[in-house]
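Visitor: Take this sequence and fold it.
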Amino acid sequence: MRMTVSLALAALAMINVPLSVAQTIRTEGAAFKDEAGRTLILRGVNLGGDSKMPFTPKSDPRAVSYIGRPFPLAQADEHFRRLQAWGLTTERLIVPWEAVEHSGPGQYDTAYLDYLYAIVSKARAYDIKVYIDPHQDSWSRAFGGDGAPYWTSQAVGLGVDRAAEVGAPQTYDHGAPDYWPPSASFHAVSTMNTLFWAGNDFAPGLKVDGVPVQEYLQSHFIAAFTKVAERLRGLDNVIGFDGWNEPMPGYVGTTSLTKPDVVMMIVGMFAAPKDPPPTNWDYMQAASGFVPAGKSVVKVNPLWQTGAADIWRRYGVWDVRDGKPVLLKPDYFAAVNGKPADFNAYLKTFQLRFIHAVRKVMPTALVMQELAILGGPTRTTRMALAEPGIVSEPHFYDTMILLSKRYTPDVTSDFAGKTYSGRDAVLGYYVKSIEDAKAENGALGGLPSLMGEVGLRFNINDAAAYKTGEFTAQQAHAHILFEALDQTLMSYSIWNYTADNDNTHGDWWRGEDLSIYSVSQRTNPADINSGGRAIHQIVRPYPVATAGTPLSLTFDTSSRVLTYRYRADPAVKAETVIFVPNLQYPRGFTVTVAGGSYRSDPAHSRLFITGDSGEVTVTVQPQ
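Guide: Just a heads-up that it's a prediction; the model follows:
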C-alpha cells in the first residue's frame, strides 16, 4: 500500500493531548511490552545534567533546595512539549539523594517531593513516562561529585574538599575544567563507597548513632527513595526506579593499595603525568596531610575533621612511625574470612534490598539494574537477581572523546589502543560495543536492555562550534552513534537534556557539556526545535510499539528514508505505532507498507500499521 500523507496539520502537532500509546510497560523475556502485547522501543533523555546541583545552593549544605530541577514548574510545558515533538518520551529523571534528605538524617524535604509530584504529573499530560534515578558520581558534592547528603560523610569524620567541591559558595565555578576530583578526594570517595557497600566486613564495630555504619548508610538511602515512591504512588507514568548510578567498589577487592589507581590510570591516558601513576596508598596519605614520596601530581589536602583520624588507620591498615606514614596492611581489602572480596556480592545484596523496599510501595515498578563499572570476572555471572520486572541498564559513551574533548570525524580508538578509521569502522566498533552490552543481559536472566546513558560532547575541539556556529563534527559523531543504536534496536535515554545549558557553563557540572538542547543555540523562541543540537541526527523516526517482533531498523538522515521490518504476531490485535517526526518531514511523507496497511495521525506524528501474519516492511520517505 502506498500513499502520500500531508502534514497540513503540523501546526497542531504535539498539542497537549495524551496519546496513551502504552499505558503500562512490563517485561517479557528480553522485551518491553505494553498491555496489548506490543513490543516497545523506549527513547528518552536524562533530565537533566544540572540536576546534580541544587537549584538554590547555600553555604550551609543542609539548607539547599533542588526545587527547580530539572526546570521550574512554570517552564515544564515548554520542555515536555519539545521532548514530545522529538519523540523522546521515556525520561530518566535525576533525583540525587541530597535532594530528598539534605537537612539531616530522616529529615525529608517534603516541599521538594511535592514539586517532584507536580513535575511528573505535568509530564503525564504529554504521555511522557519517567523512571527515577538516584544519581551519584564520586559519592557527593562534598568531594567534587554529586549524590549523597553532606551529613553522610561528616558522620564518619570526613570533612569537605573545598578544592573539589562543586557549587560551594567559596568556589562556585560552574565551568570547572577538571573532569575528575583532585587527588585527596579519591580517598574520601573510596572510603564512603567501601563503608556503604561493605562496612560490616571492613569496618566492623564502626557505628553511627548506635547503628553499624553500613546499615546506617544503606537504610537512610533506601528510606529516602521509599519516600519518593510513596509521594509518586498513583502516577501511572512512573514506570520504575534505577537502583544506583554506575556503582563503584571503593576499596572492596583491592589486592594491594600500592598498585596504581585504575581511575587515575585512565585519566593519565589524556593528562600524561610525568610521575608514575598514583596509587590508593598515595591518596590515603594525602588525605591525612602527608606528601607521598615522588608523586608531585598527588595533591595533599587533609580531609579528616579535627579530632577524627582516618578510619583505616584505626583498623591498622596504616600508621605513623617516626613522623612518617607506613603502610601495614596493603592487602587489607583483598579478602574476607580467607576468601577474595567480591564487590558484586555486596552490590547484589543491596540491589535486592532496594527492589523489595520500593516494591512494597509500587509493586509493579520496573527496576533498572546497573552493573559495577570495575566489576571483574563476576560482573555478570553472579548478578542475576531472579526477580520479575528487572531491566539491564548499561551505559555507553565513546570514552576517548568524552575524556579528551577531542574528535576527528570518523576516527576513534578503544582502551586497548586499537584505532578505528573510516565511518564504517567506527560504526562497527559502536555496534559491537552496544551488542556486547546487550549480551550481558543473558547472564542476568535474559532481561530487556535500556541504555541508561548514551551521548556525545558538544564542547569538543576547544569548543570551536560556539565560536563558528558550525557543528559539523558533532553532527558527524551523532550520525554514527545514533545509527548504531538504530541497528541494535536499542532502547535508550540520552545523556542529557539540560534546560539551562549554555555555551559558557555547559551542563553546570564539572565542565560536562552533553545536553542536546542549549539556550545559546535557541535563536527562535517560536520554533519548538530551536535550541536543539545535532537534532537532525538525534530526532529520528522509530517504532514506538510493534505488534510482533522487530527485525531491523534503518534511517538515512541524508535521504530521510526510514525502513522498518518486523514479524507480525496475529495474536496481537493492536496496531503497530511508528513515530514520524515533523522535524524530518516538514512537507509530508510517502508511506509504503509491504505485508499490511496503514493509517496516519499527522497531528501527533504517528503512523499506525496493521500487518498481516508474516514479515511486514514499512518504508517512509519525504514527499
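Visitor: contacts and neighbour counts: CA atoms only from here.
Guide: Fine.
Visitor: low-scoring stretches of the chain, by residue?
Guide: Within the chain, the segments meeting pLDDT under 70 span 1-23, 167-184, 263-275.
Visitor: in what helix or strand does the closest residue to residue 250 other than its chain neighbours lie?
Guide: The shortest distance from residue 250 to any non-neighbouring residue, by Cα to Cα, 6 or more residues apart in numbering, is to residue 190 (3.9 Å). Per DSSP states H and E: residue 190 is located in helix 183-202.
Visitor: how far away is the closest residue to residue 259 other than its chain neighbours from residue 145?
Guide: Once flanking residues are discounted, residue 259 sits nearest to residue 279: 5.4 Å by Cα to Cα, 6+ apart. Computed as Cα to Cα, to the nearest Å, the residue 279 to residue 145 distance reads 20 Å.
Visitor: more crowded one of those two?
Guide: Each of residue 279 and residue 145 has its neighbours counted (other Cα atoms under 10 Å); residue 145 has more, 25 against 20.
Visitor: Pull out the buried positions in stretch 468-482.
Guide: Judged by neighbour count using 16 or more other Cα atoms under 10 Å, the buried positions of stretch 468-482 are 471, 473-482.
Visitor: Stretch 188-208 now?
Guide: Per 16+ other Cα under 10 Å, stretch 188-208 contains these buried residues: 188-203, 206-207.
Visitor: Over to stretch 71-82?
Guide: Under the neighbour-count criterion of 16+ other Cα under 10 Å, stretch 71-82 has 71, 76-77, 79-82 buried.
Visitor: and which of those is nearest to residue 254?
Guide: Taking Cα to Cα as the measure, residue 254 lies nearest residue 71 of the buried residues of stretch 71-82, at 40.6 Å.
Visitor: Show the residue spans covered by the helices in the stretch 1-150 of the chain.
Guide: Counting by DSSP state H, counting those that start in this stretch, the stretch 1-150 of the chain has helices at residues 76-85, 97-101, 110-124, 150-154.
Visitor: Just the CA trace of the last one, in PDB.
Guide: Output of helix 150-154 as PDB, limited to C-alpha atoms (Å, rounded to 0.1, in the frame of the first residue of the first chain):
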ATOM      1  CA  TYR A 150      27.000  16.000  53.300                       C
ATOM      2  CA  TRP A 151      26.000  14.600  56.600                       C
ATOM      3  CA  THR A 152      26.700  11.000  55.400                       C
ATOM      4  CA  SER A 153      30.400  11.600  55.200                       C
ATOM      5  CA  GLN A 154      30.600  14.000  58.100                       C
END
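Visitor: Would you mind measuring from the residue of the chain most remote from its centre to residue 163?
Guide: Distance from the centre of the chain peaks at residue 322, with 46.9 Å (Cα atoms, centre = their mean). Here the criterion is Cα to Cα. By it, residue 322 lies 30 Å from residue 163.
Visitor: And what about the residue nearest the centre of the chain, helix, strand or coil?
Guide: By Cα atoms, centre = their mean, the chain has its centre lying nearest to residue 453, at 4.1 Å. Per DSSP: H, G, I helix; E, B strand; the rest coil, the local secondary structure of residue 453 is strand.
Visitor: is it fair to say residue 372 lies in a helix?
Guide: No: looking at residue 372 with three-state DSSP, it is coil, so not inside a helix.
Visitor: residue contacts, it?
Guide: Residues counted as contacts of residue 372 (Cα atoms under 8 Å, 6 or more residues apart in numbering) are 246-249, 344, 347, 379.
Visitor: redo that, cut-off 10 Å
Guide: 244-249, 343-344, 347, 378-380, 383, 394 (Cα atoms under 10 Å, 6 or more residues apart in numbering).
Visitor: Next up, phi/psi of it, please.
Guide: phi -70, psi 130 (degrees, to the nearest 10).
Visitor: Domains in the chain, by residue range?
Guide: The chain resolves into domains spanning 1-40+544-623, 41-252+338-539, 262-332 when parsed by automatic domain parsing.
Visitor: for stretch 597-607, the distance to its chain's centre please.
Guide: Remark: stretch 597-607 is offset 32 Å from the chain centroid, using Cα atoms, centre = their mean, to the nearest Å.
Visitor: buried residues in it?
Guide: Within stretch 597-607, the residues that qualify as buried are 597-598, 600, 602-607, counting by 16+ other Cα under 10 Å.
Visitor: Repeat that for stretch 337-352.
Guide: Quick answer for stretch 337-352 (16+ other Cα under 10 Å): 341-344, 347-348, 350-351.
Visitor: Quick check, the residue nearest to residue 259 in contact with residue 297.
Guide: No: if you go by Cα atoms under 10 Å, residue 279 and residue 297 don't touch, sitting 11.2 Å apart.
Visitor: returning to that earlier point: for the residue nearest to residue 250, what are its contacts?
Guide: With Cα under 10 Å, 6+ apart, residue 190 has these contacts: 138-139, 196, 248-252, 280, 283-284.
Visitor: would you turn these into TSV with secondary structure and distance to residue 443?
Guide: Output for the contacts of residue 190, formatted as TSV (DSSP: H, G, I helix; E, B strand; the rest coil; distance: Cα to Cα, whole Å):
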residue	secondary structure	distance to residue 443
138	coil	28
139	coil	28
196	helix	26
248	coil	20
249	coil	21
250	coil	24
251	coil	25
252	coil	23
280	helix	32
283	helix	36
284	helix	36
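Visitor: among those residues, which two are most distant?
Guide: Farthest apart among the contacts of residue 190 by Cα to Cα are 196 and 283. That separation is 19.4 Å.
Visitor: Dig out what the closest residue to residue 397 other than its chain neighbours forms beta bridges with.
Guide: In this structure, residue 397 finds its nearest non-sequential neighbour in residue 454, 5.7 Å apart by Cα to Cα, 6+ apart. Beta-bridge partners of residue 454, counted by DSSP bridges, are residue 396, residue 494.
Visitor: For residue 454, grab the count of nearby residues.
Guide: A count of neighbours around residue 454, defined by other Cα under 10 Å, yields 21.
Visitor: isn't it right up against residue 497?
Guide: No: using Cα under 10 Å, residue 454 is not in contact with residue 497; the gap is 11.8 Å.
Visitor: Which neighbours do those two have in common?
Guide: Common neighbours of residue 454 and residue 497 (Cα under 10 Å, 6+ apart) are 45-46, 514.
Visitor: Let's have those residues in TSV, adding distance to residue 508.
Guide: As requested, these are exported to TSV (distance: Cα to Cα, whole Å):
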residue	distance to residue 508
45	17
46	15
514	11
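Visitor: and residue 513, what does it touch?
Guide: Going by Cα under 10 Å, 6+ apart, the list of residues near residue 513 reads 49, 175, 402, 405, 456-460, 463, 495-496, 498, 501-507.
Visitor: Return the subset of the residues you listed lying in strands.
Guide: 495-496 (DSSP state E).
Visitor: which of the contacts of residue 513 are buried?
Guide: Here, 16+ other Cα under 10 Å leaves 49, 175, 402, 405, 456-460, 463, 495-496, 498, 501-503, 505-507 buried among the contacts of residue 513.
Visitor: among these, which are in helices?
Guide: Using DSSP state H, the subset of these located in helices is 402, 460, 463.
Visitor: gap between the second one and residue 474?
Guide: Between residue 460 and residue 474 the computed distance is 8 Å (Cα to Cα).
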